[in-house]
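In: fold the following.
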Amino acid sequence: GLILQEQGYFLTNYHLIRDATKFKVKVFNARMVAETYNAELIQGNPVNDLALMKIVARKVFTPVYVGKSNPVFAGEAVYTLGNPYGTGLSINQGTVVEPEQTLIVNDKDYDSLIVLDGAIGWENSGGPMLNSRGEAVGIITAIYSQNDGTPVNAVVPLDAALRVFQDIINKGFVLPHMASATTEVPSFNNTGIEIYQWVGLFLLGLLSGVMTGMLSMGGGIILVSGLIYFFHYGLVLIRPIAYLASFFTSGASAYKYLRKGTLDLEKITYLVPAAFFGMFLGYFVGKVLGMTLIQMILGVFALLTSLVLIFEVVTSNGYNPHKEKPLKGIPTLKYSYLLGIPMGFFSGVLGITGGVIEVPLQRAVLKLPIKQAIANSSGVVFLTSIFGIFLSLGDGAITGAFDWQFPVLVAMFVIPGSIIGGQ
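Out: This next block holds a predicted model:
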């Protein structure tokens, strides 16, 4: 990888970290001694085989000096860096064969690549390519042909790689000192988020809000899945975004149900402390799960949501709070606080609201009508989202895993749609 900014943001290849559950990086200090740190995925881009990550540390790192990728001319001498088997830095000299070429490897198009002669090996994957002035002009991608297994000596131009992550980079939170070194890309309101991304985030929030507002379930799954599959953000960013959006959506729903008299504050009082405990536990469990496993869990929850919705459509009955049958005996209510733990746990792990678990549990254990189970769930989600906001943003600020400004900014694009959908 190559460090881009003093706070420890760096670029590498996506295929290197795709199925990993925990990231560790080695950084050479001024004495050329390797220091080991944890790292977090900020945003991935499997299409271009690129990943933007951050070293989890509150210290200053030395970034590479960024040069212009264009023009790189045929015949120019360049240098590729690697670290084979973690034994030390290797430097290989090569020559640019083609400065801008589209390659088709394994039936996949790779655009505007810099092709070298034989200067690239597996140990160079994700590392920088330097020009003769010592400027980083590209990030090496070790592409292998399925036909004969031979490597394709290709480099992604660095300015093209930075454009892939412009929604994070252009806002000045990551690379403020590199603005002159990168290509200008039109963006929306100077946030780095283009208009189509803004619309996508708004619609994602709208759909999530509809599900959360109507049923108090499924909305978080939609939002988290969309942020993973369409925007490729890492879970470390997704969870604070989801909690911020959930705060406004579930808050509006809880207030609506409270005015209608559907929200039972006594039951919520029992559920919330356990939900907090479950979220705290789940949050740190989620930090050690790989993205592939996270996606599988989301798929299971999406299926579970569909089954719960079908069941409720078939079996639901109307709700009248004045005709509700009282719970027999305090013990059922007394031990109902345990119902908050599963909801909080999975909300902590994935960033989802957890309503898909909480609503059926209240229906089955407390024998509540669907409308009151939804109302109670919205109240618990609202309070746990507050806890989640402080937990996730505080963790990022204390450990240095990410800058708090970016998830807050993205949430600002999601929240309006969430509020409208929730109504």
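In: now do the lengthiest strand in the chain: which elements does it pack against?
Out: Assignment by DSSP state E gives strand 90-105 as the longest strand of the chain. When contacts are defined as 3 or more CB pairs under 8 Å, 6 or more residues apart in numbering; DSSP states H and E, strand 90-105 packs onto strand 77-82, strand 108-116, strand 136-144, strand 151-157. Every residue, glycine included, has its C-beta placed from N, CA and C.
In: what's the most buried one of those strands?
Out: Across the helices and strands packed on strand 90-105, averaging neighbours per residue (mean count of other CB atoms under 10 Å) puts strand 136-144 on top, at a mean of 24.
In: out of the helices and strands packed on strand 90-105, which comes closest to residue 47?
Out: Minimum separation from residue 47 across the helices and strands packed on strand 90-105 (CB to CB) falls at strand 108-116, 8.7 Å.
In: can you report how many residues lie near residue 46?
Out: Residues lying near residue 46 (other CB atoms under 10 Å) number 11.
In: correct me, but it touches residue 17?
Out: No. If you go by CB atoms under 8 Å, residue 46 and residue 17 don't touch, sitting 10.7 Å apart.
In: tell me what angle the longest strand of the chain forms with strand 77-82.
Out: If you take axes from the mean of the first three to the mean of the last three CA atoms, to 10 degrees, strand 90-105 sits at 100 degrees to strand 77-82.
In: which other helices and strands contact the helix ranked longest in the chain?
Out: In the chain, assigned by DSSP state H, the helix with the most residues is helix 370-399. The contact analysis (3+ CB pairs under 8 Å, 6+ apart) places helix 370-399 against helix 195-215, helix 235-260, helix 265-286, helix 340-350, helix 355-365, helix 405-422.
In: let me know the secondary structure of residue 11.
Out: strand (DSSP: H, G, I helix; E, B strand; the rest coil).
In: list the contacts of it.
Out: Contacts here follow CB atoms under 8 Å, 6 or more residues apart in numbering; on that basis residue 11 touches 1-2, 4, 50-53, 126, 139, 161.
In: ok, of those residues, which one's closest to residue 27?
Out: The nearest member of those to residue 27, counting by CB to CB, is residue 1 at 9.3 Å.
In: may I see the helices and strands packed on strand 90-105 arranged in TSV, with mean pLDDT and distance to residue 39 as well?
Out: Below are these laid out as TSV (pLDDT from 0 to 100; distance: least, CB to CB, whole Å):
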stretch	mean pLDDT	distance to residue 39
strand 77-82	86	18
strand 108-116	76	25
strand 136-144	78	16
strand 151-157	79	20
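In: closest to residue 297 out of these?
Out: For residue 297, the closest of those is strand 108-116, at 27.8 Å, according to CB to CB.
In: how much space separates residue 407 from residue 4?
Out: 19 Å (CB to CB, to the nearest Å).
In: swap in residue 355?
Out: Distance from residue 355 to residue 4, counting by CB to CB: 39 Å.
In: who has more neighbours, the two?
Out: Neighbours per residue, other CB under 10 Å: of residue 355 and residue 4, the larger number sits with residue 355, 30 against 26.
In: quick one: the more buried one and residue 212 touch, right?
Out: Yes. Residue 355 is in contact with residue 212 according to CB under 8 Å; the separation is 7.2 Å.
In: what's the overlap in contacts for these two?
Out: Common contacts of residue 355 and residue 212 (CB under 8 Å, 6+ apart): 218-220, 378, 381.
In: now render those residues as TSV, adding distance to residue 274 and pLDDT.
Out: Formatted as TSV, the shared contacts of residue 355 and residue 212 follow (distance: CB to CB, whole Å; pLDDT from 0 to 100):
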residue	distance to residue 274	pLDDT
218	22	72
219	22	81
220	19	84
378	17	89
381	14	91
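In: tell me the one of those residues nearest residue 80?
Out: For these, the nearest to residue 80 is residue 220 (43.2 Å; CB to CB).
In: partners of the longest strand of the chain, with directions?
Out: Using DSSP bridges, the strands paired with strand 90-105 are strand 77-82 (antiparallel), strand 108-116 (antiparallel).
In: distance from it to the middle of the chain?
Out: Centroid separation for strand 90-105 versus its chain: 31 Å, with CA atoms, centre = their mean, to the nearest Å.
In: try stretch 274-285
Out: 19 Å.
In: can I get that stretch in CSV, CA atoms only?
Out: C-alpha atoms of stretch 274-285 as CSV (Å, rounded to 0.1, in the frame of the first residue of the first chain):
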residue,chain,number,x,y,z
ALA,A,274,-30.5,-4.9,27.9
ALA,A,275,-30.6,-3.5,24.3
PHE,A,276,-27.7,-1.1,25.3
PHE,A,277,-25.7,-4.1,26.7
GLY,A,278,-26.4,-6.1,23.6
MET,A,279,-25.3,-3.2,21.3
PHE,A,280,-22.1,-2.7,23.2
LEU,A,281,-21.2,-6.4,22.9
GLY,A,282,-22.3,-6.6,19.3
TYR,A,283,-20.4,-3.5,18.2
PHE,A,284,-17.0,-5.0,19.2
VAL,A,285,-17.9,-8.4,17.8
